[in-house]
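**Student:** mind looking at a prediction? Sequence and model below.
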There are 6 protein chains.
Amino acid sequence: MGEGKIERFQKDRERLNQIVMKYGGSSIKRFFSIDSQVYGEGALPVKTKELLGLVSSLVLRCDDCVKYHIIRCHQEGLKDDELDEALAIALVVGGSITIPHLRRALEAWDELKAAE
Amino acid sequence: MGEGKIERFQKDRERLNQIVMKYGGSSIKRFFSIDSQVYGEGALPVKTKELLGLVSSLVLRCDDCVKYHIIRCHQEGLKDDELDEALAIALVVGGSITIPHLRRALEAWDELKAAE
Amino acid sequence: MGEGKIERFQKDRERLNQIVMKYGGSSIKRFFSIDSQVYGEGALPVKTKELLGLVSSLVLRCDDCVKYHIIRCHQEGLKDDELDEALAIALVVGGSITIPHLRRALEAWDELKAAE
Amino acid sequence: MGEGKIERFQKDRERLNQIVMKYGGSSIKRFFSIDSQVYGEGALPVKTKELLGLVSSLVLRCDDCVKYHIIRCHQEGLKDDELDEALAIALVVGGSITIPHLRRALEAWDELKAAE
Amino acid sequence: MGEGKIERFQKDRERLNQIVMKYGGSSIKRFFSIDSQVYGEGALPVKTKELLGLVSSLVLRCDDCVKYHIIRCHQEGLKDDELDEALAIALVVGGSITIPHLRRALEAWDELKAAE
Amino acid sequence: MGEGKIERFQKDRERLNQIVMKYGGSSIKRFFSIDSQVYGEGALPVKTKELLGLVSSLVLRCDDCVKYHIIRCHQEGLKDDELDEALAIALVVGGSITIPHLRRALEAWDELKAAE
């Protein structure tokens, strides 16, 4: 993705979140608040939680969610072999239908590694 | 979306529907006929039916379907707070995995409101 | 379902919710709170919201969720033809894969009507 | 499943279909009509169509639909190795999440073979 | 799609598969190997297996997978009416939520036919 | 679940797996082999992998898979608060539609704790 692409992804996400906040009432705002809360440090380390977010996004086949958690996993210092093992679980659980999303997940990861 | 974007979305949809009709036999054509029928006026008002189409499209995470029903809801005079409450149900039922689709739904809605 | 079966369904649900509350921390509890909030009276009437819950549960094929909303729709005075039209939308949106759930939804409805 | 279990499965299905027909209006009835039509003899043989119904039911993880198509495939004279190859595709496409349904599909098949 | 578009689709797929192979360990590589194996000639002919892949991809709504199997079905000499009947099953099983994917499947098919 | 129920669940699973092995050819057998492999010790600890299996099973709403991974997580010494945090992520990602499965997951957990 490179730093430029990541910034663009995050700016677009930010812009759209502002539209959500413009129309979203208290239920939607409360949901977004819990959505942040569950990935915070706790009994499980943040890195594990981001892996849980990544794998569940992958089996549900949500590209934007996958990309978001790939970036977060990279920020948390996830290693290549850890990522491989988590993705292998997602692939086996979710089947070949997840492969297009797996490809894009690793494309993003490859760009993040290149930009290090 | 603006009137221009809506026209383009609908023209593309129309063009692809013609390809479907070119290859589709009687079963596919009958399905398309029922698909129109269920959203017509009846015991439930059209606006409610479009909301049902919108929320079910959102929890199933189909962007094209969501955009179509957002346009139809706008045509039926849906209000901002009615939309917010319907989307909140979809978000709670379908989870954070629907958020990217919720963002695009509200982006389309915002453009429709700006073009009023 | 009959009054007996409904009571049993609701008691079992209550018993399991207590187990959820026993182990669930603040995030899970906050989620359950929003889950109640979104079906409350607002810009959209409660009956419409229950229909949104019913149809989204049906296309996502969750029997327990469907049964819960069928009971709620009945409490809100939904009429047979309104239910038919909502279920027809769910069936067309979600496809024949929803039929087993549609059958069980109408079986529950039939029992609720018989118990009136 | 044995002849007894199959009869029971089919009687229960028939009983519930009558409830669907009791409440279902013209849209639901038309849908059921198309649902029969698409599996009829045509350019593709019935056996192939039943395999398509079986595999799509399996990847969507609908036990009742899977059992129905397993019975139909057996009636159409599907062989063990043909079934194995179709199920392998479903398993690879749909992932390990389909395994509980694969187990029940083969349990039904095993009972049908034993009852031959 | 035309020959140009197909080549581009396949080149992109190839490029991304190389990234998968760069990071993928033995589990991912073994999965990809089975994913090839299940579509090979066997008790069921290759054409039937590609139809099973196409229909299961369509009900699971994976555009890339659908496009891949559409190309393979074309290579295997599938006829228009055979495709229509397989797609009708997918549409009925999966519901209107599959229509956007059905449109794109037939758009690709139409381009493949034009390029013959 | 108690030891008795767990044994029964595992015996039933074992019995059905034997039927799968009776009819399953090399592709299905290879898939089952990978399915074991991905949860083995590696760069990520087994406990983390079981959590990944649990959360992905929960968002895909597969009761048998959830129960299996709940038992495995218990064997790996997962703590109550770790489970709560993982389930909260699954609930937020997958939405209220996962609640019936969350209830049954915690019911099984509660029985495992009682049997300690």
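**Tutor:** Nice, I can see it.
**Student:** going forward, measure contacts and count neighbours with C-alpha atoms only.
**Tutor:** Noted.
**Student:** touching chain D at all, the one helix or strand residue A:82 maps to?
**Tutor:** Assigning secondary structure by DSSP states H and E places residue A:82 in helix A:80-94. Yes. Looking at helix A:80-94 against chain D by C-alpha under 8 Å from any C-alpha of the partner chain, the contacts come from A:91, A:92, A:93, A:94.
**Student:** right, and the second one touches residue D:95 too?
**Tutor:** Spelled out, it's residue A:92. Yes. With contacts defined as C-alpha atoms under 8 Å, residue A:92 counts as touching residue D:95 at a distance of 5.4 Å.
**Student:** neighbour count winner among those two?
**Tutor:** Remark: of residue A:92 and residue D:95, residue A:92 carries more neighbours, 28 against 23, as counted by other C-alpha atoms under 10 Å in any protein chain shown.
**Student:** wait, what's in contact with residue A:38?
**Tutor:** The contact partners of residue A:38, by C-alpha atoms under 8 Å, 6 or more residues apart in numbering or on different chains, come to C:27, F:85, F:88, F:89, F:92.
**Student:** look at it and report its pLDDT.
**Tutor:** Residue A:38 carries a pLDDT score of 98 in this model.
**Student:** over to residue A:7?
**Tutor:** Value for residue A:7, per-residue pLDDT: 84.
**Student:** so where's chain A shaky on pLDDT?
**Tutor:** Along chain A, the parts satisfying pLDDT under 70 run over A:1-3.
**Student:** how about the longest helix anywhere in chain A against chain B, any contact?
**Tutor:** If you go by DSSP state H, chain A has its longest helix at helix A:2-23. Yes. Using C-alpha under 8 Å from any C-alpha, helix A:2-23 reaches chain B at A:16, A:17, A:19, A:20, A:23.
**Student:** make TSV out of those residues and add distance to chain C and neighbour count.
**Tutor:** Formatted as TSV, these follow (distance: C-alpha to the nearest C-alpha, whole Å; neighbours: other C-alpha atoms under 10 Å in any protein chain shown):
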residue	distance to chain C	neighbour count
A:16	22	19
A:17	19	20
A:19	20	17
A:20	17	23
A:23	14	17
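**Student:** got JSON lines for those, with distance to residue E:49 too?
**Tutor:** Putting those into JSON lines (distance: C-alpha to C-alpha, whole Å) gives the following:
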{"residue": "A:16", "distance to residue E:49": "42"}
{"residue": "A:17", "distance to residue E:49": "43"}
{"residue": "A:19", "distance to residue E:49": "45"}
{"residue": "A:20", "distance to residue E:49": "44"}
{"residue": "A:23", "distance to residue E:49": "47"}
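**Student:** enumerate the residues of chain A near chain C.
**Tutor:** Taking C-alpha under 8 Å from any C-alpha as the criterion, chain A approaches chain C at residues A:27, A:30, A:31, A:34, A:37, A:38.
**Student:** pull out the buried members of the residues you listed.
**Tutor:** Buried members of those, scored by 16 or more other C-alpha atoms under 10 Å in any protein chain shown, are A:27, A:31, A:34, A:38.
**Student:** filter these down to the ones in helices?
**Tutor:** Secondary structure of these is defined by DSSP H; positions in helices are A:27, A:31, A:34.
**Student:** check those one by one and keep those near chain D.
**Tutor:** Restricting these to those near chain D by C-alpha under 8 Å from any C-alpha leaves nothing, as none qualifies.
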